[in-house]
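Student: I would like to see how this sequence folds:
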Amino acid sequence: MALFKKRTAGKPGEWYYCLEHKKVEEGPECPAKNRFGPYASREEASHAMENAAERNLEWDTDPRWHDRAGKGKGKGDDESGD
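Tutor: Numbers count the residues shown, from 1 in each chain. Predicted coordinates:
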């Protein structure tokens, strides 16, 4: 008998979205690396991929995370090599 069991069981009422099986599950059935959550409801977990896509789009279009041309370059930092 194993001394330590590897458990993935969660609490009742916790919902997850499994990235591998593309389904909502109550309590984690799959390893943490393959899921989003926990969520408070089945409905919330079912929208996990939509929420992730929205957040990714926000990050991709956030001007604070993109360098503007010429901004932040000091003297002699141009790419021409001069």
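Student: what ranges do the helices span in the protein?
Tutor: 42-46, 48-60 (DSSP state H).
Student: rounded mean pLDDT for the shortest one, please.
Tutor: Same thing as helix 42-46. The pLDDT scores in helix 42-46 average 97.
Student: which other residues reach that helix?
Tutor: Helix 42-46 is contacted from outside by 15-17, 24, 26, 36-37, 39, using C-beta atoms under 8 Å, 6 or more residues apart in numbering. For every residue, glycine as well, the C-beta is placed using N, CA and C.
Student: pick the most deeply packed of the helices of the chain.
Tutor: helix 42-46 (a mean of 15; mean count of other C-beta atoms under 10 Å).
Student: quick one: low-confidence parts of this structure?
Tutor: Counting by pLDDT under 70, the ranges of the chain that qualify are 1-10, 66-82.
Student: which stretches in it count as strands?
Tutor: Counting by DSSP state E, one finds strands in the chain at the ranges 15-18, 23-26, 35-39.
Student: in PyMOL, how would I select just the buried ones from the contacts of helix 42-46?
Tutor: The PyMOL selection below is limited to those of the contacts of helix 42-46 classed as buried (16 or more other C-beta atoms under 10 Å):
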select buried, resi 15+16+17+24+36+37+39
